[in-house]
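Visitor: coordinates for the following, if possible.
(chains A, B and C)
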Amino acid sequence: MASNSFLKFFLPKDRIFFTLFEQVSERVMEMGKVLRDVVDEPDFEKRVALISRIEDLEHENDDLTHKIFTELGRNFITPFDREDIHYLASSLDDIADYIFASAKKINFYKINPVQDGFHRFAELIHQGTIQVNEAVKELRNMKNLRVITDAMVRINSIENQADDLFDMCIERLFEEEEDAKEVIKLREIYQVMEIATDKCEDAGNVIESIIIKYA
Amino acid sequence: MASNSFLKFFLPKDRIFFTLFEQVSERVMEMGKVLRDVVDEPDFEKRVALISRIEDLEHENDDLTHKIFTELGRNFITPFDREDIHYLASSLDDIADYIFASAKKINFYKINPVQDGFHRFAELIHQGTIQVNEAVKELRNMKNLRVITDAMVRINSIENQADDLFDMCIERLFEEEEDAKEVIKLREIYQVMEIATDKCEDAGNVIESIIIKYA
Amino acid sequence: MASNSFLKFFLPKDRIFFTLFEQVSERVMEMGKVLRDVVDEPDFEKRVALISRIEDLEHENDDLTHKIFTELGRNFITPFDREDIHYLASSLDDIADYIFASAKKINFYKINPVQDGFHRFAELIHQGTIQVNEAVKELRNMKNLRVITDAMVRINSIENQADDLFDMCIERLFEEEEDAKEVIKLREIYQVMEIATDKCEDAGNVIESIIIKYA
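Guide: Residues are numbered from 1 along each chain as shown, chains lettered A, B, ... in the order given. Here you go, the predicted model:
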């Protein structure tokens, strides 16, 4: 702690972290895009291929995240606080996990995802990952506080919309679905999707706090 | 890390953190009080007004928490470890979130909350927030280890009682409620209430560890 | 942060942390062993005695964990980063919590645990705790990176097997169990068991990152 400010003079040495975080957030954004395709695809087998694409991206991200932690262990100097690198890597990893879980559970529970609720959730998640990627790109220069502020406003709005959407989906689910086992399955997928947008907000908050410290 | 002990000489400069934490914990305590009113109010519409009061307090706390993180980014010197400020702000925020979620879900699921289980849960949560507020107030002088020790004994006892109460409520629920959809709804509210008391314990633990370090 | 490398010269002074972590991880391993007995025991009352044994170990671990945090507050010099001590203590504590919760919920929900799914889960959890214990023992010398790497390969494999086992159990549960209330109960126990293996992986990751930093 208490040693933030002099560390910034060492920034140029640690470009590797920016590159790794950008590679992770680009893959997370791509996962959000493919999730939209998953929930708009009525055919189970065609969804298998899309979910498998998400899984591949998730594995790539696991490798990149592992590399971030290895670099963290090896580097005496880091471009921003070690704990912030840890938080950011974990929160991007969480977004990826929840996107993959959303996609996987749809086929696992043999749900037909083509319905308004899933469509809107996937759209919000994709928008969230786009804003997170915008924010991650700002880490490299850490000068334009405006870009991150704008991204955070959008991420917060997305997360609020996802909260409302979740409530609407759950309310409708309890009203319309008679089979309690189906309620359990659908509720679980809505929850996982809602958490995906929470995790976008978490990642945004970490980035915002880093940029406020160093700007 | 490893620089705790000399930092305490700088304490007088950072009173802002104590004030902010006290403002947060007072609002959390007030939320606990209003939650008791919610679960004792049989009328849906009257509950709407009470839940709205909790929501207002929650928004005030969000602003105060954001201010804590902004101050954390701006201040080179902090009254205690940056990570402890982070943990404490997050754990107080969590208590607020779970109290608000408890209240909100009662009307959302159109549950009549006037029953022994909810009454006792709200009472435990309120007592927990009172003890957390006591502990937060001790941060300012950090001299009387006894006050925090007493508060922690009470918080731990509250959390244990909440565990037992949860088990009792769930056992009764599975025995008496035939409709599995109702089981899902009530179980979710009991869980959220039980977590609220866990979060009081988390906040207490953070405060205790800070005071042990600096006392 | 940024002060890792010179701290290692002070290692000899802080053997207490190694001893405490080893005592915790031995008890966690013993809890994993008794959990295997719980799920193979068809008699409710005989399970009561086994679950009570797990509870005793859990209480011992709570005391040891509390001692770790107290030592953390009292010691200016620590054998590795304060935040890593915090993470490791929390993650070992989490394993213990989830093992105890698994055992407790079986009798609480009056489930007969003698079935293939529970048997295999308990076996994986026990294996996970053995590997975590191996990893914890390596902290003391921090020289043989190979031992920790091997343990991590096994922990990751265990966690992957637990994921697959969870999916298999849930799929079978939704297919074979008609009573949605029973679905809720069994699903909860499977989830808690699966999380126990996740927590073994978390603990392993923390240890690996510590050893990479100091090796």
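
Visitor: what's the helix ranked longest in chain A packed up against?
Guide: Determined from DSSP state H, the single longest helix within chain A is helix A:180-214. Counting contacts by 3 or more Cβ pairs under 8 Å, 6 or more residues apart in numbering or on different chains; DSSP states H and E, helix A:180-214 is packed against helix A:82-108, helix A:116-138, helix A:145-176, helix B:44-74, helix B:180-214, helix C:180-214. Every C-beta, even on glycine, is put in place using the N, C-alpha and C of the backbone.

Visitor: take the ones you listed and write them to a markdown table, including distance to C:Glu134.
Guide: Output for the helices and strands packed on helix A:180-214, formatted as a markdown table (distance: least, Cβ to Cβ, whole Å):
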| stretch | distance to C:Glu134 |
| --- | --- |
| helix A:82-108 | 24 |
| helix A:116-138 | 37 |
| helix A:145-176 | 41 |
| helix B:44-74 | 38 |
| helix B:180-214 | 29 |
| helix C:180-214 | 10 |
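
Visitor: any idea of the pLDDT on the closest residue to A:His119 other than its chain neighbours?
Guide: Of all residues not flanking A:His119 in the chain, A:Val39 sits nearest, at 5.7 Å (Cβ to Cβ, 6 or more residues apart in numbering or on different chains). pLDDT for A:Val39: 98.

Visitor: ditto for A:Phe108
Guide: 94.

Visitor: against A:Ala180, how distant is it?
Guide: 18 Å (Cβ to Cβ, to the nearest Å).

Visitor: same question for A:Ser90.
Guide: Applying Cβ to Cβ, the value for A:Ser90 to A:Ala180 is 35 Å.

Visitor: likewise A:Ile85?
Guide: Between A:Ile85 and A:Ala180 the distance, using Cβ to Cβ, works out to 44 Å.

Visitor: now swap in A:Phe121 and tell me
Guide: 22 Å.

Visitor: next: A:Ile170.
Guide: 14 Å.

Visitor: these two: which has the busier surroundings?
Guide: A:Ile170 (23 against 19; other Cβ atoms under 10 Å in any protein chain shown).

Visitor: state the pLDDT value of that one.
Guide: pLDDT at A:Ile170 comes out at 96.

Visitor: same check, this time on A:Thr149
Guide: Note on A:Thr149: pLDDT of 87.

Visitor: can you check the one 3 residues further on too?
Guide: The model reports A:Met152 with a pLDDT of 92.

Visitor: point out where chain A drops to low pLDDT.
Guide: Applying pLDDT under 70 to chain A picks out residues A:1-13, A:215.

Visitor: which residue is nearest the centroid of it?
Guide: The centre of chain A sits closest to A:Ile95, judged by Cα atoms, centre = their mean, with a distance of 2.9 Å.

Visitor: pretty sure A:Arg47 sits against A:Ile106.
Guide: Yes - counting by Cβ atoms under 8 Å, A:Arg47 does reach A:Ile106; the two are 6.8 Å apart.

Visitor: quick one: which of the two has more around it?
Guide: It is A:Ile106, of A:Arg47 and A:Ile106, that has more neighbours when counted by other Cβ under 10 Å, with 25 against 20.

Visitor: near chain C, which residues of chain A show up?
Guide: A:1, A:3, A:7, A:69-70, A:72-74, A:76-78, A:81-83, A:108-109, A:179-181, A:183-185 (Cβ under 8 Å from any Cβ of the partner chain).

Visitor: any of these buried? List them.
Guide: A:1, A:7, A:69, A:72-73, A:78, A:81-83, A:108-109, A:180-181, A:183-185 (16 or more other Cβ atoms under 10 Å in any protein chain shown).

Visitor: so is the residue of chain A positioned farthest from its centre in a helix, a strand, or just coil?
Guide: Here the centre of chain A is the reference, and by Cα atoms, centre = their mean the most remote residue is A:Glu178, at 32.8 Å. Put simply, A:Glu178 is coil when judged by DSSP: H, G, I helix; E, B strand; the rest coil.

Visitor: got phi/psi on it?
Guide: phi -80, psi -30 (degrees, to the nearest 10).

Visitor: for the closest residue in space to A:Glu55 that isn't next to it in sequence, give me its contacts.
Guide: With Cβ to Cβ, 6+ apart as the criterion, A:Glu55 has its nearest non-adjacent residue at 6.3 Å, and that residue is A:Phe100. Residues in contact with A:Phe100 (Cβ atoms under 8 Å, 6 or more residues apart in numbering or on different chains) are A:Met31, A:Ile54, A:Glu55, A:Glu58.

Visitor: max pairwise distance over those: which two?
Guide: Between any two of the contacts of A:Phe100, the greatest separation by Cβ to Cβ is 9.5 Å, found for A:Met31 and A:Glu55.

Visitor: which one's more surrounded, those two?
Guide: Higher neighbour count among A:Met31 and A:Glu55: A:Met31, with 28 against 14, using other Cβ under 10 Å.

Visitor: flag every buried residue along the one helix or strand the more buried one maps to.
Guide: A:Met31 belongs to helix A:15-39 when assigned by DSSP states H and E. Of the residues in helix A:15-39, A:17-18, A:20-39 count as buried by neighbour count, 16+ other Cβ under 10 Å.

Visitor: got it, and stretch A:121-141?
Guide: Quick answer for stretch A:121-141 (16+ other Cβ under 10 Å): A:121-139.

Visitor: returning to what we had before: what's the separation between the residue nearest to A:His119 and chain B?
Guide: For A:Val39, the distance to chain B equals 23 Å [Cβ to the nearest Cβ, to the nearest Å].

Visitor: now for A:Gln23: which residues touch it?
Guide: So A:Gln23 contacts A:Leu64 (Cβ under 8 Å, 6+ apart).
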